[in-house]
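Participant: Show me how the following folds:
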Amino acid sequence: MIVTVLAILIGLLYYFVIYPLFLSPLSSLPGPKHLKLTSLFILNKSRKEQRNEYLQKLHEKYGDVVQIGPNEVAFNSFEHMKRIYMGNFPKEFDNNGVGFYSQFGNFNERNLFSTGDSKAHIEKKRNVSKVYSKSSVIQSGGYIKAKIDKAWDAIDRNLGKSMNVYSLFLSLAMDVVSGFEYGSKYSTNFLTEIDHTTASIEGKSSNEDVFLGFRESSSMWFYTTLAPSLWSPVAKWYGIGAKMGKAQQWIYHRFQEALTSLQQGSSLSDDQLQSPVSTMISSMFEEFTKEPNGTSKSLLRYEQIASEIADHVVAGHETTGTTLTYICWELSRPCNRQWQDKLFEECQQSTGDIQKLDQLPVLHSVIQEACRLHSAIPGSEPRYVPRSQEGSKFEVTLNDSTKTKVEIPPGTVVSCQPWSLHLLQTPFGSNPRQFDPSRWLRDQASGETEEEYETRLKTMNNSIFTFGQGNRMCLGMNLALIEMKYCIATLYSKYTTSICPKWCANVCQQNKDVLMGRRGSATSTYPSTDLDLMRMADTYTTSPMMGQCWLRFESRDAH
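Facilitator: Numbering: from 1, shown residues only. From the prediction side, this is the model:
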């Protein structure tokens, strides 16, 4: 009996201590010893919404390669980012159906984002990418402008009043993206249907209930991605399953309405508003509803279409709405107010031409700086080292005095997080935690030549990881950028914005570092400056920590 117990203890000691610390292929990588022993430590940081900042501190201490689990390595360099993501490392190992992304499906069906198999992903992407191509989005400019222009009516009615721009921009982004999914006939009109002077995203109306459901779903990101077996009991414990279900039902009901129109041969365009030139539901319906012999496919195919659309509706409105919120908050801070005037001077004559907006340097610099510092997805994007092909290996050289080369074995989880990549001084320059659009403009004061500037700008543009890299880049990138550029250019051609003093009486006057925080934390946890109220939630997909941002609009004509 004693021998058996001793053998078990020796086995446990070997497996959980000796092997990970001394014999594992990853044992020579830098990183805290306790993280090498078990994944529970990094998982707990994720659960507590502290992972992003924690990883940043690890990189600052240990360098661009850090082991954060027995089988997980975090990287923070553009060289490794390109190797992993431009090299199209898979989301699953050996297509085993298990991984961080496997639970991102809807209606019991996987979508493009959650597809682990690289070949299957490429095939699916080929069928739907035309909806978001740059040419298609530009051709849909009339629809985009008509939707966004409804925001000005809401603002004009409430000049000088406090408006929750987080609610406003979530509504704006939903109104736009829903038309690209269902057609304008079934797109939303939340900009006009929600009172953004009272909206707090707390379910005070049926439409706000929809946003609340999406927000509750985002709050479950840890259990969705890293602890799916605990999802149901946790959702039941917090009583949020019904709210999330209501949002899912809302998406599916709208899908069924649009699908019925397609089946009956009816138009998806509103009588007074043309649809985008290509919609997701019509594109997928045409591609997937017929077998080679012309017979209809099963209902299962409709569930797959609904799953894809649900993913785009949720991601498309949350990420764009969050980024627009941070842009306007940053521009409303006293230290950044001069950028409002620069945008006015540059954009006032060009807002009607979407193609021209794409060429305006100040507008580009503001959008890019927000995408860098306030990336809507700041969290790690995990991939698996694939099995070696034709002798290729994933080998890294440690950036220390030893220059040790370490081969990362197949099946190892590897990742970069945009939050840390975007805080690198090379290529983004000094004070990377501060909002400074001038880093994207030519530095004439230092004598920077046009050629030097173009080279530096190209390097920075290629280093942005906001929309991902490689074959898995965000499908909706062109729509998001054009939507944000038109919104910001038109908004600051018409209005000025300032932080509402009733929401935040203690506005920070200096350009201090942007920080992260835990979503929904009590205001007493932090000093009540606007910098603290607008901390980014330390999660995979971020949002303002408190779920609000109250600004005041004044007409430019009154100045």
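Participant: Could you work out the end-to-end span of stretch 179-191 for me?
Facilitator: In stretch 179-191, first residue to last residue: 14 Å (C-alpha to C-alpha, to the nearest Å).
Participant: tell me which residues of it are tucked away?
Facilitator: Residues of stretch 179-191 classed as buried under the neighbour-count rule (16 or more other C-beta atoms under 10 Å) are G179, F180, E181, Y182, G183, S184, K185, Y186, S187, T188, F190, L191. No exception for glycine: its C-beta is placed from N, CA and C like everyone else's.
Participant: Show me what the least confident helix or strand in the chain by mean pLDDT is packed against.
Facilitator: Scoring the helices and strands of the chain by mean pLDDT, DSSP states H and E places helix 206-219 at the bottom, with a mean of 76. Helices and strands touching helix 206-219, by 3 or more C-beta pairs under 8 Å, 6 or more residues apart in numbering; DSSP states H and E, are helix 165-182, helix 241-263, helix 299-332.
Participant: and that helix, how far out from the chain's middle?
Facilitator: Relative to the centre of its chain, helix 206-219 is centred 17 Å away, using C-alpha atoms, centre = their mean, to the nearest Å.
Participant: Now do the buried residues in it.
Facilitator: 207-219.
Participant: swap in stretch 132-152?
Facilitator: 132, 136-137, 140-141, 143-148, 150-151.
Participant: One more: stretch 80-88?
Facilitator: So stretch 80-88, judged by 16+ other C-beta under 10 Å, has buried residues H80, M81, R83, I84, Y85, G87, N88.
Participant: just stretch 529-549 next, same as before
Facilitator: Quick answer for stretch 529-549 (16+ other C-beta under 10 Å): 530-549.
Participant: model confidence over it, on average?
Facilitator: Per-region confidence: stretch 529-549 scores 93 on mean pLDDT.
Participant: Same question for stretch 121-137.
Facilitator: Averaged over stretch 121-137, pLDDT sits at 87.
Participant: Check the buried residues of stretch 179-191 and tell me the two furthest apart.
Facilitator: Greatest spatial distance among these (C-beta to C-beta): G183 and L191, at 17.9 Å.
Participant: What ranges does the protein have for its strands?
Facilitator: Assigned by DSSP state E, the strands in the chain fall at 65-69, 72-75, 162-164, 383-384, 395-397, 405-407, 413-416, 495-499, 516-517, 536-537, 550-555.
Participant: Count the neighbours of the nearest residue in space to T490 that is not next to it in sequence for me.
Facilitator: The spatial neighbour of T490 that comes closest, neighbours along the chain excluded (C-beta to C-beta, 6 or more residues apart in numbering), is T351 at 4.5 Å. If you count neighbours by other C-beta atoms under 10 Å, T351 ends up with 21.
Participant: Phi first, then psi, for T351.
Facilitator: Backbone torsions for T351, taken as degrees, to the nearest 10, come to phi -70, psi -20.
Participant: isn't T38 right next to N71, touching?
Facilitator: No. Using C-beta atoms under 8 Å, T38 is not in contact with N71; the gap is 10.6 Å.
Participant: okay, the buried residues of helix 206-219 in TSV with distance to I488 next?
Facilitator: Converted to TSV, these look like this (distance: C-beta to C-beta, whole Å):
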residue	distance to I488
N207	24
E208	25
D209	29
V210	25
F211	22
L212	27
G213	28
F214	23
R215	24
E216	29
S217	27
S218	24
S219	28
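Participant: ok, so of the residues you listed, who is nearest V414?
Facilitator: Using C-beta to C-beta, the buried residues of helix 206-219 come closest to V414 at S218, 24.9 Å.
Participant: what's around R372, how many residues?
Facilitator: For R372, the count of nearby residues is 25 (other C-beta under 10 Å).
Participant: who touches it in this structure?
Facilitator: H422, F428, I464, T466 (C-beta atoms under 8 Å, 6 or more residues apart in numbering).
Participant: at 6 Å what do you get?
Facilitator: By C-beta atoms under 6 Å, 6 or more residues apart in numbering, R372 lies in contact with H422.
Participant: With V234 instead?
Facilitator: Counting by C-beta under 6 Å, 6+ apart, the residues that V234 touches are Y223.
Participant: Tell me how far it lies from Y19.
Facilitator: 32 Å (C-beta to C-beta, to the nearest Å).
Participant: same deal with F107?
Facilitator: Relative to Y19, F107 is positioned 42 Å away (C-beta to C-beta).
Participant: Likewise for E92?
Facilitator: The spacing between E92 and Y19, counted by C-beta to C-beta, is 25 Å.
Participant: more crowded one of these two?
Facilitator: Neighbour count, other C-beta under 10 Å: between E92 and Y19, E92 has more, with 19 against 15.
Participant: right, and that one touches G116 too?
Facilitator: Yes. Using C-beta atoms under 6 Å, E92 makes contact with G116 at a distance of 3.1 Å.
Participant: Next, show the common contact partners of the two.
Facilitator: Joint contacts of E92 and G116 (C-beta under 6 Å, 6+ apart) do not exist.
Participant: So which of the buried residues of stretch 529-549 sit within helices?
Facilitator: Using DSSP state H, the subset of those located in helices is D530, L531, D532, L533.
Participant: list the contacts for the last one?
Facilitator: Looking back up the chat, that one is L533. C504, M546.
Participant: Make 21 the starting number, not 1.
Facilitator: Shifting the count to begin at 21 puts that one at L553.
Participant: Distance check, it against R353.
Facilitator: For L553 relative to R353 (C-beta to C-beta), the value is 12 Å.
Participant: Ok, the second one next?
Facilitator: Applying C-beta to C-beta, one obtains 8 Å for the distance of L551 from R353.
Participant: do the first one as well
Facilitator: The span separating D550 from R353 equals 7 Å under the rule C-beta to C-beta.
Participant: got the CA positions of stretch 289-300 in CSV?
Facilitator: Extracted in CSV, the C-alpha atoms of stretch 289-300 (Å, rounded to 0.1, in the frame of the first residue of the first chain):
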residue,chain,number,x,y,z
SER,A,289,-35.5,46.7,-50.2
ASP,A,290,-37.6,49.2,-48.4
ASP,A,291,-39.9,51.2,-50.6
GLN,A,292,-38.0,54.4,-49.7
LEU,A,293,-34.5,53.0,-49.1
GLN,A,294,-32.4,50.8,-51.4
SER,A,295,-30.7,47.8,-49.9
PRO,A,296,-26.9,47.4,-50.1
VAL,A,297,-25.9,46.0,-53.5
SER,A,298,-25.3,42.6,-51.9
THR,A,299,-26.8,41.2,-48.7
MET,A,300,-25.7,38.2,-46.6
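Participant: Could you give the average pLDDT over that stretch?
Facilitator: On average, the pLDDT along stretch 289-300 is 89.
Participant: now do stretch 365-384
Facilitator: Rounded mean pLDDT across stretch 365-384 is 88.
Participant: Distance check, E328 against S281.
Facilitator: Counting by C-beta to C-beta - E328 and S281 are separated by 18 Å.
Participant: now Q530
Facilitator: From Q530 over to S281 the distance is 54 Å, taken as C-beta to C-beta.
Participant: between those two, which one's more packed in?
Facilitator: Neighbour count, other C-beta under 10 Å: between Q530 and S281, S281 has more, with 18 against 9.
Participant: quick revisit: residues in contact with the residue nearest to T510?
Facilitator: Contacts of T371 (C-beta under 6 Å, 6+ apart): A509, T510, S513.
Participant: And for W241?
Facilitator: T559, Y560.
Participant: what about 10 Å?
Facilitator: S66, E69, Q123, F124, G399, R539, A557, T559, Y560, T561 (C-beta atoms under 10 Å, 6 or more residues apart in numbering).
Participant: Can you verify my assumption that the first one contacts Q437?
Facilitator: If I follow you right, that is S66. No. The criterion here is C-beta atoms under 10 Å, and S66 misses it with Q437 at 11.5 Å.
Participant: residues shared between the contacts of the two?
Facilitator: By C-beta under 10 Å, 6+ apart, the residues touching both S66 and Q437 are N72, L75, G399, S400, Y560.
Participant: Closest one of these to T339?
Facilitator: Distance to T339, by C-beta to C-beta, is smallest for Y560 among those, at 11.5 Å.
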